[in-house]
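A.B. asks: Just to be clear, the model below is a prediction. Sequence and coordinates:
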Amino acid sequence: MTDHTQKHIDSPEVAAWWHERRRYLEQNRKSPELRQQFRKEVAAYILRRVLWSYGFFPIVIAFWLPFVLSSFNPVVMANTLIPVLQDFVASNPEQQATTISSLAIAWFSIGCFFLVFDFILTPFRSPYEYDADVYMKAWEQANHDQLPDKV
């Protein structure tokens, strides 16, 4: 009995395509320029994700939620927040430290939550893979006569 849910393609054209792609990627991984570009893009990607997750989202939540709860009225928001800030300033240093640590934990947890989903929703695109995609499109056009027609 054969399993029809998994299709196996025994096509020499597909094998040739994957072989050429692997060969091109191995060749490109030896290039110091692409290696340096890869490191720069990984650093920029991680920095962008971290800044977005720990900078933008917690700030938006911290300011947007009170603004929404005050029916988009800054006067109502100020009237609500000023007594809370006065209570914070008037409290003893131990209570202030507890409040600040609670806010830091909330900031960190919101940032971690968004960071995980940001990494999932926007995966890293390697310059090696992008370069290989461009090369393989050119390779397909150059070898168009040997490849089967797409249905």
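C.D. replies: Here it is on my side, so go on. In this text the structure is predicted, and so the values were computed from the model without any measurement. Numbers count the residues shown, from 1 in each chain.
A.B. asks: R29 against E129, yeah?
C.D. replies: No: checked against C-beta atoms under 8 Å, the pair R29 and E129 is beyond contact range at 11.3 Å. For the C-beta atoms, the positions are set from N, CA and C on the backbone; glycine is no exception.
A.B. asks: What's the mean pLDDT across stretch 15-30?
C.D. replies: On average, the pLDDT along stretch 15-30 is 86.
A.B. asks: With stretch 87-97 instead?
C.D. replies: 97.
A.B. asks: Contacts for it next, please.
C.D. replies: Under the criterion C-beta atoms under 8 Å, 6 or more residues apart in numbering, residues T99 lie in contact with stretch 87-97.
A.B. asks: Kindly check the end-to-end length of that stretch for me.
C.D. replies: Between the start and the finish of stretch 87-97 there is a gap of 13 Å, counting by C-alpha to C-alpha, to the nearest Å.
A.B. asks: for the protein, which helix is longest?
C.D. replies: Among all segments of the chain classified by DSSP state H, the helix with the greatest residue count is helix 93-121.
A.B. asks: Show me how far that helix is from its chain's centre.
C.D. replies: On the basis of C-alpha atoms, centre = their mean, to the nearest Å, the separation between the geometric centre of helix 93-121 and that of its chain is 19 Å.
A.B. asks: Flag every buried residue along that helix.
C.D. replies: Of the residues in helix 93-121, 107, 110-111, 114-115, 118 count as buried by neighbour count, 16 or more other C-beta atoms under 10 Å.
A.B. asks: What of stretch 32-43?
C.D. replies: Buried-residue list, stretch 32-43, by 16+ other C-beta under 10 Å: 38, 41.
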